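[1] got a predicted structure plus its sequence, pasted below:
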Amino acid sequence: KCTKVGKTLQWVNTKNSTCTKVGTVRVAKTINQKCTKVGKTLQWVNTKNSTTKATPTSANESSVTALPASGSDCATQGDQKVFTGGKMECRKISTGKFQWFKLSDSPAPPTQATGNVDSSQCQIADQRVNRTQPYAVGFPRSLEDTKTSGNLRLVLVAIDFADAAGTEDEFINAQKQIDRFNEFLAFESGGKLTATWEFSKTWARMPRPSTGYPIVFGNSSGDDQFMNDMISVTDSRTNYTGNDFVYILIPKSAKEFPSPEGFYSNYQTSEGQIQKYFAGGNFFYQNDATYKVRELWSVWLHEMGHTFGLAGHAPFGSALNIMENQDSLSKTFSAWDKFLLNWMPSNGIYCIPASTLTTVDVQLVPMQRSTSGFRSVMIPISSTKILIVESHRAEGFGDRLSKGTYGVTTYVVDTTLDNDRSGENIGQAKTRYASLVITPTASTRGFSDAQFDRPSSSGITDSLMLQGESVSYAGVTISLVKTGDYDTVRISK
């Protein structure tokens, strides 16, 4: 209500507006208010932005700092102003400006859009004619050498060398990697898949130096001498019974030890066959300007993901899923991979064929959260192509993304294509079953990764659409119309 306050007219709340002490301030829905005498009563009166800290005067008046208005300008992506129950976060929008967005610590469930069809209509069949690798790009998964439900029995053995001794500190780190691995499985599978580990935390000394094994990556025959020696020095202290996967811990000092080929084996222990194996070798410990920090748990999961039956390594350059790259800035499964694994929640996919699409707004739960709701919009374009939209945040398993990172990424899966990774190490473009659909501005701005000092020139593209941006593919337009606790995308044709 417009009311005379002193010598001026001001807007005064007329409902639940009484206060108890003149001069105290509060924030109500991001509006700064001050306790002021109006007539014969004390009431909350809207004021200009203020940094005055409020003085608590009752149980209903918490101590808060005056907040910027949602949508007002801010200076630096990732800046935050915390208040009880949430925070304001500075995010970049399509115009290049930075704006404040109000976020809740416990957001209400997203609004569930209607008009979608059963997700089975988005199960595009794998239709490759010439297969260069055995893992699936579409439905059904043609290979599952590691189960994706139940309990896995995993073995971690530690071996070292006379010229490269292991340390106790490496066992502490290895246990942290195991714990993170287990957290990832619980999060991504929704509890469908768990793991039990055998890890003796003792180094077994190999009979040859770290440089004494004829290992050549890409040629599994070179692993024989190494694996036979490894079994001979670990078998008496390790229970290999019923193993699903054996990981081999190499000491950090073995910087010249190459990476064995890994995976499938016929190597025998006293408790039976080693089903699959992997050892990272110098891949983890070499100096690399792009990957300042590599984590064992994510490469263990990436390699196991292939044995789940996932092709991975696409969409190339997104840096947003663990199967595209084990060192991605966000280490979650993509919506498509999660769908293939039958790990997507029952209400996780908004499936809408392009042939029936008009216009619909869908709120998306970021891939880094377990909140119930749609995680992806999937739009079949034809019997062999599907357009996929998913939301991301710099939180959870996306914590390598710089603060304030948000948005949606869009990619197309073509199930007639296979991954041709030949020439990948020298940057040659090859065929991949999934490819990014990005805005012109996104193709030039690049990610930033302040926490891990990963340069934006490292060959990755900021594939995340900002609020106000759109992309189009095959007559379908995807627009990010609103961000906040969730991203609201508009799908139209």
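    Yep, it's here.
[2] what's the nearest residue to residue 358 if we skip its chain neighbours?
    residue 493 (6.7 Å; Cβ to Cβ, 6 or more residues apart in numbering). Yep, even glycine has a C-beta here, placed from its N, CA and C like the rest.
[3] contacting residues for that neighbour?
    Going by Cβ atoms under 8 Å, 6 or more residues apart in numbering, residue 493 touches 354, 357-359, 475-477.
[4] give the buried residues for the biggest helix by length in the chain.
    Secondary structure of the chain read by DSSP state H shows that its longest helix is helix 168-189. Within helix 168-189, the residues that count as buried by 16 or more other Cβ atoms under 10 Å are 170-171, 174, 177-178, 180-182, 184-185, 187-189.
[5] so how far is that helix off the chain centroid?
    The chain centroid and the centroid of helix 168-189 are separated by 17 Å, computed with Cα atoms, centre = their mean, to the nearest Å.
[6] what is that helix packed up against?
    strand 150-160, strand 193-205, helix 296-308 (3 or more Cβ pairs under 8 Å, 6 or more residues apart in numbering; DSSP states H and E).
[7] mind doing that once more with 6 Å?
    Using 3 or more Cβ pairs under 6 Å, 6 or more residues apart in numbering; DSSP states H and E as the contact criterion, the elements in contact with helix 168-189 are strand 193-205, helix 296-308.
[8] just to revisit the earlier point, closest to residue 303 out of the buried residues of helix 168-189?
    residue 181 (11.7 Å; Cβ to Cβ).
[9] count of neighbours near the closest residue to that closest one other than its chain neighbours?
    Among residues not flanking residue 181 along the chain, residue 297 sits closest, at 4.2 Å (Cβ to Cβ, 6+ apart). Residue 297 has 21 neighbours, counted by other Cβ atoms under 10 Å.
[10] what does the one 5 residues further on give?
    Residues near residue 302, counting by other Cβ under 10 Å, number 22.
[11] wait, it touches residue 327, no?
    No: using Cβ atoms under 6 Å, residue 302 is not in contact with residue 327; the gap is 8.8 Å.
[12] can you list residues touching both of the two?
    Common contact partners of residue 302 and residue 327 (Cβ atoms under 6 Å, 6 or more residues apart in numbering): none.
[13] pLDDT weak spots in this structure?
    Across the chain, the ranges flagged by pLDDT under 70 are 1-32, 47-65, 217-218, 285-293, 423-430, 440-461.
[14] which stretches in it count as helices?
    Using DSSP H, the helices of the chain run over 168-189, 224-234, 296-308, 335-340, 442-445.
[15] so what touches the second one?
    Translated: helix 224-234. Against helix 224-234 from outside (Cβ under 6 Å, 6+ apart): 157, 159, 204, 206-207, 213, 267, 269.
[16] identify the farthest-apart pair in those.
    The farthest-apart pair in the contacts of helix 224-234, when distances are taken by Cβ to Cβ, is 213 and 269, at 19.0 Å.
[17] which one's more surrounded, the two?
    More neighbours surround residue 213 than the other of residue 213 and residue 269, with 22 against 19 (other Cβ under 10 Å).
[18] so for the more buried one, what's the nearest residue that isn't a sequence neighbour?
    residue 226 is the one closest to residue 213 (Cβ to Cβ, 6+ apart), at 4.5 Å.
[19] ditto for residue 303
    Closest to residue 303 by Cβ to Cβ, 6+ apart is residue 278, at 5.0 Å.
[20] what distance do you get for the one you found to residue 406?
    34 Å (Cβ to Cβ, to the nearest Å).
[21] of these two, which one has the most company?
    Neighbours were counted for residue 278 and for residue 406 using other Cβ under 10 Å; residue 406 has more, 27 against 20.
[22] quick one, what contacts the more buried one?
    When contacts are taken as Cβ under 6 Å, 6+ apart, residue 406 is in contact with 91, 393, 483.
[23] repeat that with 8 Å
    If you count contacts by Cβ under 8 Å, 6+ apart, residue 406 has them with 91, 366, 391-394, 464, 466, 483, 487.
[24] equivalent analysis for residue 379, please.
    Residue 379 neighbours (Cβ under 8 Å, 6+ apart): 351-354, 357, 386-389, 476, 491.
[25] do residue 214 as well
    Applying Cβ under 8 Å, 6+ apart to residue 214 gives the contacts 222, 225.
[26] and it, how far is that from residue 279?
    15 Å.
[27] and what of residue 471?
    41 Å.
[28] returning to what we had before: and the contacts of the longest helix of the chain?
    Outside helix 168-189, the residues touching it (Cβ under 8 Å, 6+ apart) are 148-149, 156, 158, 193-195, 197, 199, 201, 249, 251-252, 295-298, 300-301, 331-333, 338, 341, 343, 370, 396-397.
[29] which residue of this structure sits farthest from its center?
    Going by Cα atoms, centre = their mean, the residue of the chain most distant from its centre is residue 40, 56.5 Å out.
[30] state the phi and psi torsions of that one.
    Backbone torsions of residue 40, given as degrees, to the nearest 10, read phi -110, psi 10.
[31] quick one: contacts for it?
    Per Cβ under 8 Å, 6+ apart, neighbours of residue 40: none.
[32] please renumber so the chain begins at 684
    Shifting the count to begin at 684 puts that one at residue 723.
[33] from residue 729, how far off is it?
    Distance of residue 723 to residue 729, computed by Cβ to Cβ: 20 Å.
[34] show me what contacts residue 996?
    Per Cβ under 8 Å, 6+ apart, neighbours of residue 996: 1006-1008, 1102, 1104, 1115.
[35] roughly how far apart are it and residue 854?
    In terms of Cβ to Cβ, residue 996 sits 31 Å off from residue 854.
[36] just residue 944 next, same as before
    Distance from residue 944 to residue 854, by Cβ to Cβ: 26 Å.
[37] returning to that earlier point: can I get the longest helix of the chain in CSV, CA atoms only?
    The C-alpha coordinates for helix 851-872 follow below in CSV (Å, rounded to 0.1, in the frame of the first residue of the first chain):
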residue,chain,number,x,y,z
GLU,A,851,52.0,-46.3,2.6
ASP,A,852,50.4,-43.0,1.6
GLU,A,853,49.4,-44.5,-1.8
PHE,A,854,47.3,-47.0,0.1
ILE,A,855,45.5,-44.2,1.9
ASN,A,856,44.8,-42.6,-1.5
ALA,A,857,43.8,-45.9,-3.1
GLN,A,858,41.2,-46.4,-0.3
LYS,A,859,39.8,-42.9,-1.1
GLN,A,860,39.5,-44.0,-4.7
ILE,A,861,37.6,-47.1,-3.8
ASP,A,862,35.2,-45.1,-1.6
ARG,A,863,34.6,-42.7,-4.5
PHE,A,864,34.1,-45.6,-6.9
ASN,A,865,31.4,-47.0,-4.6
GLU,A,866,29.7,-43.6,-4.2
PHE,A,867,29.6,-43.3,-8.0
LEU,A,868,28.0,-46.8,-8.4
ALA,A,869,25.4,-46.0,-5.8
PHE,A,870,24.5,-42.7,-7.3
GLU,A,871,24.4,-43.7,-11.0
SER,A,872,22.8,-47.1,-10.6
